[in-house]
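1. Structure for the following, please:
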Amino acid sequence: MRKMIRGAAALATAAAAVVALSGSADARPADDWAGCPSGSVCIYPQDQNPAVKPTHIFTSYGAHNLSNQYGRHWVLNNQYGGATASLCTGYNGTGCGYRIDQGKGVYADLGPINSITLNRP
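-> I've put the predicted structure just below:
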């Protein structure tokens, strides 16, 4: 009888641990945002307001060079876990200024912007 009670207690403890760990603060968003997949940073066509369908989707951390991006564009950060993105005036992620927090977007003139970085939390 004691073995059965200890086994049941161990099972209940393990189940409680699984439930507790599944609700982490770094959970991924359930939905895409304006066509931007979860975990991505997206750039939309010039003057597309509101943002509907991205032309550029970035999913890996680090610098991403841009070309032929002029005028105002929506840039949405649909990353999770506190990851940010930065708009940079130089290529390869140099001269970074404005930081875009997770779940935020900016309607920016990309004329002077030559790269975007996806930054680890």
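
2. give me every residue that touches the residue positioned nearest the centre of the chain.
-> Nearest residue to the geometric centre of the chain (CA atoms, centre = their mean): residue 79, 1.0 Å. For residue 79, the residues meeting the contact criterion (CB atoms under 8 Å, 6 or more residues apart in numbering) are 39, 40, 41, 85, 102, 118. Where you see a C-beta, it was placed from the backbone N, CA and C, and this is true even at glycine.

3. so how far is residue 47 from it?
-> Counting by CB to CB, to the nearest Å, the gap from residue 79 to residue 47 is 25 Å.

4. do the same with residue 93
-> In terms of CB to CB, residue 93 sits 26 Å off from residue 47.

5. Name the residue in the two with the higher neighbour count.
-> residue 93 (18 against 10; other CB atoms under 10 Å).

6. All the strands of the chain, residue numbers only.
-> Ranges of strands within the chain are 40-43, 56-58, 62-65, 72-78, 84-88, 96-100, 105-109, 115-119, based on DSSP state E.
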